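Here you go, sequence then predicted model.
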Amino acid sequence: MRKLALNDEILLKIEKPARYIGNEVNSVMKDPEKVDIRFAMCFPDVYEIGMSHLGIQILYDMFNRREDVWCERVYSPWIDLDKIMREEQIPLFALESQDAVKEFDFLGITIQFEMCYTNILQVLELSQIPLHSTERTEDHPIVIGGGPCTYNPEPLAEFFDLFYIGEGETVYDELLDLYKTCKAQGMSRRKFLEFAAGIEGIYVPQFYEPEYNEDGTMKAFHRINEHAPEKIKKQIVMDVTNATYPMRPVVPFIKATQDRVVLEIQRGCIRGCRFCQAGMLYRPTRERNVETLKEYALAMLENTGHEEISLSSLSSSDYSQLEELVNFLIEEFPGKGINISLPSLRIDAFSLDVMGKVQDIRKSSLTFAPEAGSQRMRNVINKGLTEDDIISGAGQAFEGGWTKVKLYFMLGLPTETEEDMKEIARLSDRVARRYYEIPKEERHGKCQITASSSFFVPKPFTPFQWAPMCTAEEYVERAYIVKHEFQEQLNRKSLKYNWHEADLTVLEGVFARGDRKCAKVLEEAYRLGCLYDSWTETFDNSRWIQAFENTGISPDFYNLRKRTMDELFPWDFIDMGVSRKFLEREWSRAMNGEVTPNCRSNCSGCGAAQFGGGVCYEGKN
Amino acid sequence: MKARIKFQKYGALRFIGHLDVMRYFQKVMRRAEIPIAFTGGYSPHMIMSFASPLGIGLTSEGEYFDIELTEPIASKEAVRRMNAVGVEGIHVTSFRQISEEKKATGMAIVAAADYLVGTRKGVFPQNLEELVEQFIKQAEITVLKQTKRSEKLVDIRSMIYQMEVRESYTSLQDSGANQIFMELAAGSVENLKPDLVMSAFCKFAGLPEDSITCTYHRLEMYADTGTENTRKLVPLESLGNDII
């Protein structure tokens, strides 16, 4: 029988012990004696969140296809177990073998959002691996990071040995082969890192050193090792159809956030919203072949036994074969209780028709993401959505029987005026008015419009990377302006308004565009007890304020400062395909309220065409 | 057509709760392509009903659930397919056709369950046999039973059908050799959990709390086919027949 790393006393004491036992359907078991490389793949959040992440499932599958590698999974222990592990000095373990992570060759950590950074330190510390890469010896695993936040890895630079910049499917094999050779030849950790620096897309932070101006901005970014390249080129898979995809994803025993088959239909987005980092990072848009997707859907449902399949992409309506794929899925599984979920759809006649077929209209709500209330603001952010689109989409939905609508907005966008803020409430009201235009006898009682706003965080490699943010107080003030405007509306009884936490936004802002100096704050906050910062029950802003004070670092420097157009950014050493010139151009078009067409209607020369495929070459052969 | 499935739960899987076991088997049904029937309506779900849920941490070799089939499938084949797509720690041991009668399924007919109790921490006292004998000889065994809303004193003696020391050993449970066997009332009318019996027993025997920690293993679940006055317990499994 499999041995567990935690004893029964502990497992019976903690919440959801199933988070820590492994053994799930489709999890991969191997003989540790028969592999050359043991890889621990970590999502630094609780199991149910981490298990819902597609990227890890892809890499897990890809690594385990190699006979010489055993890839296992690791998640952040929840605070109850965290405390016990510290008290009893139990080292963090991987789920499959239940062996200590510190015995592995690699610890890979996916970095999906800024507010998981303290959990990264938790994973390292519980694994009994020194936090700083320079303190690690030949006995410690190589710590490698990947994922969207690594497009500005600098706040985390001193905690990682390597970063993989870009999509995981391209050079991991090369890296693993290199490691195997180095290990067989008994080479040192440093030698391996030097060779690794030679692989395209691999960034070894300790081989670089930033130099700062007196005002704290970056002056230069120096290479201090001859093996380190000047620029790190983002990795991207051009043939997404034939890229590896997990046909047998692991099926958790406990309900994960994403308890369904996830079918990634395309990568990238043609829309070019100026606030959206994913929209820039994953350019150009690449579609998977629809016949391949049909095969995948059938195989994955069969191999997992899931009762739901979700089509995943940044903007599903832009997938050219959507209708064919959705109709296939609807026809293939009648009466078998298979649900189809279609997030990120634009609301139009087709999508309403499809949704009417796959879900219970009375219970479900429709989601629109206008992102801004006024047309002026929507032009600034390049959200190609007019008020007419929204009202007529909602109208069709209401006539189709829906009564619940969710609207997503952002507050604190560049150039935002009080008028723009108030328009959020007014637009919501106009949606409600559209509902009450339907004759009383034909509608089903009241409608329920729920508007939510988050505060905008400027991200690296977007046209808004130059934008200043607001203070937490100012964000809350803005939310109150919107709230008051909601109370002025005719249909206020049908409207609801929520807004997100402002303190978290400020922290996210610091780490999104932070430099290496931020590492001190992070470490101090962690020492003061910060953990699971994205969870309301564990987030403690006062500790963060204390950490900034103790380290003498000001969040205002990162958030409130106006950046000049020629400022050298900490992330500028990464060549992400989309050129800085394009981002500059988009920033100035934003300031003028000019809309840029989407990639399918007109190429704007962003630079992603250099990858030689995707939407840039559609219909051009 | 109705079928009854019997399975074992052991090893790491003892930390999976009842609701998750249900979810697990729903997915097994799809993977193994068992011809299970669905309810109608907008969100059809599988027709599946579980007997008495097993608490987290317990192992068992006598778990049951009943399902509705749309077409027959041979017992052997069904068991083979379900185990082929299953995980270590849940093992299907039988798949039998049962009566079509509505009241013959699932929870409704469970009347008793057998348990083996061992120790994980500490050991039972030397004179265990004697203590158990005296314990069970009591006319009344009162315990404080806690429910969601209140707590009340209950006499559990009549719900203990058998209790004795056994040297039996089961491979599905890692525990010392000396174990207590007990047959307890189970089901929707009367239900007694083995840990409640053990806490009463420890109190009776004067064993300080926390001096031993017990392991619990469910051996079997029974239906009562007797009359109002005489109990006649038969394993749930025996009420079905193999489909050939």
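Nice, thanks for sending it over. Numbering: from 1, shown residues only, chains lettered A, B, ... in the order given.

residue boundaries of the strands in chain B?
Per DSSP state E, chain B carries strands over the ranges B:2-9, B:48-50, B:59-68, B:90-98, B:110-121, B:142-146, B:151-155, B:160-166, B:179-185, B:213-224, B:233-235, B:241-242.

Give the buried residues for the first one.
The neighbour-count check on strand B:2-9 (16 or more other Cβ atoms under 10 Å in any protein chain shown) flags B:2-9 as buried. Where C-beta positions appear, they are placed from N, C-alpha and C, glycine not excepted.

then stretch B:84-104 to PDB, C-alphas only?
What follows is stretch B:84-104, C-alpha atoms only, in PDB (Å, rounded to 0.1, in the frame of the first residue of the first chain):
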ATOM      1  CA  ALA B  84     -10.100  -1.300 -14.600                       C
ATOM      2  CA  VAL B  85     -10.900   2.400 -14.500                       C
ATOM      3  CA  GLY B  86     -10.700   2.800 -10.700                       C
ATOM      4  CA  VAL B  87      -8.000   3.700  -8.300                       C
ATOM      5  CA  GLU B  88      -6.100   1.800  -5.600                       C
ATOM      6  CA  GLY B  89      -8.200   2.100  -2.400                       C
ATOM      7  CA  ILE B  90     -11.600   1.500  -3.900                       C
ATOM      8  CA  HIS B  91     -12.300  -2.000  -5.100                       C
ATOM      9  CA  VAL B  92     -15.600  -3.200  -6.400                       C
ATOM     10  CA  THR B  93     -16.300  -6.800  -5.200                       C
ATOM     11  CA  SER B  94     -19.700  -7.500  -6.500                       C
ATOM     12  CA  PHE B  95     -22.400  -6.300  -8.900                       C
ATOM     13  CA  ARG B  96     -25.800  -8.000  -8.600                       C
ATOM     14  CA  GLN B  97     -29.300  -7.600  -9.800                       C
ATOM     15  CA  ILE B  98     -31.800  -6.800  -7.100                       C
ATOM     16  CA  SER B  99     -35.600  -6.700  -6.800                       C
ATOM     17  CA  GLU B 100     -37.400  -3.900  -8.600                       C
ATOM     18  CA  GLU B 101     -39.400  -3.100  -5.500                       C
ATOM     19  CA  LYS B 102     -39.000   0.600  -4.600                       C
ATOM     20  CA  LYS B 103     -38.500  -0.100  -0.900                       C
ATOM     21  CA  ALA B 104     -35.800  -2.600  -1.500                       C
END
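
Find me whatever residue is spatially closest to the single nearest residue of the stretch 301-450 of chain A relative to chain B, sequence neighbours aside.
Using Cβ to the nearest Cβ, A:Gly305 is the residue of the stretch 301-450 of chain A that sits closest to chain B, at 3.0 Å. Spatial nearest neighbour of A:Gly305, chain neighbours left out: B:Lys27 (3.0 Å); criterion: Cβ to Cβ, 6 or more residues apart in numbering or on different chains.

didn't that neighbour look like it was pressed against A:Leu301?
No: the pair B:Lys27 and A:Leu301 does not pass the contact test of Cβ atoms under 8 Å, sitting 10.2 Å apart.

Who has more neighbours out of those two?
A:Leu301 (23 against 18; other Cβ atoms under 10 Å in any protein chain shown).

give me phi/psi at that one?
The phi/psi pair for A:Leu301 (degrees, to the nearest 10) reads phi -70, psi -40.

Can you pull the residues of chain B lying near chain A?
B:10-13, B:15-17, B:20, B:23-24, B:26-31, B:38, B:42-46, B:56-57, B:85-89, B:120-121, B:174, B:213, B:215 (Cβ under 8 Å from any Cβ of the partner chain).

repeat that for 6 Å
Residues of chain B found near chain A (Cβ under 6 Å from any Cβ of the partner chain) are B:11-12, B:15-16, B:20, B:27, B:30-31, B:38, B:42, B:44, B:57, B:87, B:120.

Redo the residues you listed as TSV? Include pLDDT.
Output for the residues of chain B next to chain A, formatted as TSV (pLDDT from 0 to 100):
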residue	pLDDT
B:Gly11	94
B:Ala12	94
B:Phe15	96
B:Ile16	96
B:Asp20	96
B:Lys27	96
B:Arg30	95
B:Arg31	96
B:Phe38	91
B:Tyr42	70
B:Pro44	81
B:Gly57	93
B:Val87	96
B:Arg120	86
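
Max pairwise distance over the residues you listed: which two?
Using Cβ to Cβ, the two most remote members of those are B:Tyr42 and B:Arg120, lying 46.9 Å apart.

which of those two has more neighbours?
Looking at B:Tyr42 and B:Arg120 with other Cβ under 10 Å, you find the greater number of neighbours at B:Arg120, namely 18 against 9.

ok, that one to B:Val132 distance?
Distance, B:Arg120 to B:Val132, by Cβ to Cβ, to the nearest Å: 19 Å.

Which of the strands of chain B sits closest to A:Pro148?
Closest approach to A:Pro148 among the strands of chain B is made by strand B:90-98 (37.4 Å; Cβ to Cβ).

returning to what we had before: gap between the residue nearest to A:Gly305 and A:Asn26?
Distance from B:Lys27 to A:Asn26, by Cβ to Cβ: 11 Å.

Can you mark which positions in stretch A:499-515 are buried?
A:499, A:501-515.

residues making contact with that stretch?
A:114, A:154-155, A:453-455, A:457, A:459, A:469, A:472, A:475-476, A:479, A:541, A:555, A:558-559, A:570 (Cβ atoms under 6 Å, 6 or more residues apart in numbering or on different chains).

Residue 11: neighbouring residues, count only.
Let's take chain A. By other Cβ under 10 Å, 22 other residues sit near A:Leu11.

sorry, should have said chain B
22.

likewise A:Glu567?
The number of residues packed around A:Glu567, counting by other Cβ under 10 Å, is 14.

Doesn't it lie inside a helix?
No: going by DSSP: H, G, I helix; E, B strand; the rest coil, the assignment for A:Glu567 is coil, not a helix.

Looking at chain B, which residue is nearest chain A?
Nearest residue of chain B to chain A (Cβ to the nearest Cβ) works out as B:Lys27 at 3.0 Å.

can you give me the angle the lowest-mean-pLDDT helix or strand in chain B makes with strand B:151-155?
Sorting the helices and strands of chain B by mean pLDDT, DSSP states H and E puts strand B:142-146 at the bottom, at a mean of 85. Between strand B:142-146 and strand B:151-155, the angle comes out at 140 degrees (axes from the mean of the first three to the mean of the last three Cα atoms, to 10 degrees).

contact partners of strand B:142-146?
Identification of contacts with strand B:142-146 by Cβ under 6 Å, 6+ apart yields B:151-156, B:196, B:200.

what ranges of chain B fall below the confidence cut-off?
Low-confidence segments of chain B, defined by pLDDT under 70, span residues B:106, B:168-177.

again, only using 90
Scanning chain B for pLDDT under 90 picks out the ranges B:39-45, B:51-53, B:99-109, B:119-126, B:144-154, B:166-178, B:188-190, B:208-211, B:225-229, B:244.

Tell me the buried residues in the longest helix seen in it?
When chain B is parsed with DSSP state H, its longest helix is helix B:18-31. Neighbour-count burial for helix B:18-31, counted by 16+ other Cβ under 10 Å, picks out B:20-21, B:23-31.

Stretch B:225-236 now?
B:233, B:235-236.

same thing with stretch A:14-34?
By 16+ other Cβ under 10 Å, the buried positions in stretch A:14-34 come out as A:14, A:16-28, A:30.

near chain B too, which of those?
Cross-checking the buried residues of stretch A:14-34 against chain B (Cβ under 6 Å from any Cβ) gives A:17-18, A:21, A:23, A:25 as the overlapping residues.

what about A:Ile265, distance to B:His45?
In terms of Cβ to Cβ, A:Ile265 sits 27 Å off from B:His45.

Can you pick out the residue with more neighbours from these two?
Neighbour comparison, A:Ile265 and B:His45: the larger count goes to A:Ile265, with 20 against 11 (by other Cβ under 10 Å).
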